[in-house]
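**Student:** Show me the folded form of this:
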Amino acid sequence: MLWRYFFRRVRLLILALVFVAIAAPEWPAFGDEAHQLDALVGQRHFDFLVWEVNAAFAKAEAALTREHTYWDETQRRQRVFDYLALLQEIRELDGQIEQIYVDPDVTDPDAVAAAAQAALGQKRAELVDMQPMAEAIIQDQVADVLRDEEFALLKQAWPPVMMHMTPLPTILIVSPRDRIDRIYGIPLKHGLSIPEREALETAVFNQLNLSALVVPIGGLGVYPSMIMETSNLNWLAEVTAHEWAHVWMGPFPISLHYATDAQVRTMNETTASIVGTEIGTAVIKRFYPELVPPPPEPPVPAAPDERLAFDFRAEMAQTRVRTDELLAAGDIEGAEAYMEERRTFFVENGYNMRKINQAYFAFYGAYADEPGATGADPVGPLVQEARALSPSLKAFLQMMAPVNSLSELEDAVAELKADR
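**Tutor:** I've put the predicted structure just below:
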């Protein structure tokens, strides 16, 4: 009797497992698109908690010492230059080590790279010691310019400028195939190889019928702001201000639907880009005037038969417009074939682009302070017009803060024109 009872229970268990295998994809927890996407990403998620804890310790260390506040401007500038020079040395060493491991003529890369690896470890340790002070100096310099623009509370820049340079996560951007629309943006851990990125994008395409692209980023609007490691001081000042603008806009309507509304996202990113460019340029002019770029050369008239230079932005804008037309006509496969054809065209002209798809435009189309991947979207030009009509950077941000739709943006710009 016992064996009959045992086999009956085993049979019921097998039937239950078969039912789960058949029905689970239809259950909300398993059939939900976001859940399936999360399962595909798996262990590649970026751990924000660990990053925030490490960044908080670094900021606390700088706040406790504050040694740089007693230095003169020459000493402060030198500390920043020393830090960035060391960072450049580290990047060069990284490149040398990578080259050793990809060289087919090197039979024992571990032995060949041992000395460089030891030097890299030593320089990384030095960088960790220098980083809090260098970051604090750059933060203070950006804050000084922001105070001049009247972004201050009790004579301090508000919100406080806080950033931390670090190897950045990448972002998995996901768009529907029948239109360009960022429906998911998932931070991934740093260091994913190209084959890993390709495999994830392909899995999203094949299993969810969605367009996907893993993209690099230059910064992330957490707090402290997450900034890519760079030895380019002009870029660093600009991105620090850009990410600060995201923090400033955080409590306002312009940020409320950032993740779900493409037009609001474009407003937000374009506004932050304008702030970053203006504040970053002012920081360099005041504290590092030798790094101010020279004025552009006057255009030289081309000979009638001279071949025109390749215009990346114009070509990309053309690509976006035609892609939108094909998708609007319901020709998804035609649009994807066209984007691949254009990608090959860009590569032939010196732009090594791994992939152009709906997700590509869903990400890069949000940064509309300059023409390019936005196609016929009116949001970017309207934001630029709003800045041109505003008497100051603060007035511009205050005007943009309550805007939460294209119609509200159009009304705000019309009001600015009427007041002139």
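**Student:** And the strands in the stretch 51-200 of the chain, which stretches?
**Tutor:** 152-153, 156-157, 163-166, 170-176, 184-188 (DSSP state E, counting those that start in this stretch).
**Student:** so which of these gets nearest E348?
**Tutor:** E348 lies closest, by CB to CB, to one member of the strands of the stretch 51-200 of the chain: strand 170-176, at 25.1 Å. Quick note: C-beta positions are derived from backbone N, CA and C, even for glycine.
**Student:** could you redo the strands of the stretch 51-200 of the chain as TSV and give each row mean pLDDT?
**Tutor:** Formatted as TSV, these follow (pLDDT from 0 to 100):
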stretch	mean pLDDT
strand 152-153	90
strand 156-157	90
strand 163-166	89
strand 170-176	94
strand 184-188	93
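**Student:** would you turn these into a markdown table with distance to W71 and mean neighbour count?
**Tutor:** Formatted as a markdown table, the strands of the stretch 51-200 of the chain follow (distance: least, CB to CB, whole Å; neighbours: other CB atoms under 10 Å):
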| stretch | distance to W71 | mean neighbour count |
| --- | --- | --- |
| strand 152-153 | 23 | 12 |
| strand 156-157 | 19 | 17 |
| strand 163-166 | 20 | 23 |
| strand 170-176 | 37 | 22 |
| strand 184-188 | 36 | 20 |
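**Student:** tell me the contacts of E98?
**Tutor:** Shown in contact with E98 (CB atoms under 8 Å, 6 or more residues apart in numbering): no residues.
**Student:** if you set the cut-off to 10 Å instead, what comes out?
**Tutor:** A113 (CB atoms under 10 Å, 6 or more residues apart in numbering).
**Student:** mind checking how far it is from P109?
**Tutor:** With distances taken as CB to CB, to the nearest Å, E98 is found 10 Å from P109.
**Student:** ditto for P195
**Tutor:** 19 Å.
**Student:** Compare neighbour counts for those two and give me the winner.
**Tutor:** P109 (14 against 8; other CB atoms under 10 Å).
**Student:** what about the longest helix in this protein?
**Tutor:** helix 114-148 (DSSP state H).
**Student:** quick one: buried residues of that one?
**Tutor:** For helix 114-148, burial by neighbour count (16 or more other CB atoms under 10 Å) applies to 120, 127, 130-139, 141-143, 145-146.
**Student:** now swap in stretch 234-249 and tell me
**Tutor:** Those would be 234, 236-249, for stretch 234-249 by 16+ other CB under 10 Å.
**Student:** if you average pLDDT over it, what comes out?
**Tutor:** Per-residue pLDDT over stretch 234-249 has a mean of 95.
**Student:** re earlier: of the strands of the stretch 51-200 of the chain, which is nearest P298?
**Tutor:** P298 lies closest to strand 163-166 among those, at 37.0 Å (CB to CB).
**Student:** Pull the distance from the closest one to the chain's centre.
**Tutor:** Its chain's C-alpha centre and that of strand 163-166 lie 14 Å apart, by CA atoms, centre = their mean, to the nearest Å.
**Student:** packing partners for that strand?
**Tutor:** Helices and strands touching strand 163-166, by 3 or more CB pairs under 10 Å, 6 or more residues apart in numbering; DSSP states H and E, are helix 48-65, helix 73-102, helix 114-148, strand 219-220, strand 225-228, helix 233-249.
**Student:** nearest to D178, of these?
**Tutor:** For D178, the closest of the helices and strands packed on strand 163-166 is strand 219-220, at 29.1 Å, according to CB to CB.
**Student:** and the closest one, what does it pack onto?
**Tutor:** With contacts taken as 3+ CB pairs under 10 Å, 6+ apart, strand 219-220 sits against strand 163-166, strand 225-228, helix 233-249.
**Student:** again, 8 Å this time
**Tutor:** strand 225-228, helix 233-249 (3 or more CB pairs under 8 Å, 6 or more residues apart in numbering; DSSP states H and E).
**Student:** Listing partners with orientation, what would you give for that strand?
**Tutor:** strand 225-228 (antiparallel) (DSSP bridges).
**Student:** Endpoint to endpoint, stretch 107-117 covers what distance?
**Tutor:** Start and end residues of stretch 107-117 are separated by 17 Å (CA to CA, to the nearest Å).
**Student:** quick one: contacts of that stretch?
**Tutor:** L93, Q96, I97, I100, Y101, D103, V106.
**Student:** Ok, stretch 386-401 next?
**Tutor:** Contacting residues not belonging to stretch 386-401 are listed as 149-151, 245, 248-249, 252-254, 267, 271, 274-275, 278-279, 383, 409, 412-413, 416-417, 420 [CB under 8 Å, 6+ apart].
**Student:** and what of stretch 85-93?
**Tutor:** A116, A119, L120, K123, R124, E126, L127, M130, E229, T230, S231.
**Student:** Out of the residues you listed, the closest to Y360 would be?
**Tutor:** Y360 lies nearest to T230 out of these, by CB to CB, at 23.2 Å.
**Student:** so the closest one sits in a helix?
**Tutor:** No: looking at T230 with DSSP: H, G, I helix; E, B strand; the rest coil, it is coil, so not inside a helix.
**Student:** What are the phi and psi values at it?
**Tutor:** The phi and psi values for T230, taken as degrees, to the nearest 10, are phi -150, psi 150.
**Student:** what residues are up against it?
**Tutor:** By CB under 8 Å, 6+ apart, the neighbours of T230 are L84, L87, M165, L236.
**Student:** go with 7 Å
**Tutor:** T230 makes contact with L236 under the criterion CB atoms under 7 Å, 6 or more residues apart in numbering.
**Student:** Likewise for V275?
**Tutor:** A241, H242, A245, L393, L397.
**Student:** That one sits in which helix or strand?
**Tutor:** Per DSSP states H and E: V275 is located in helix 262-287.
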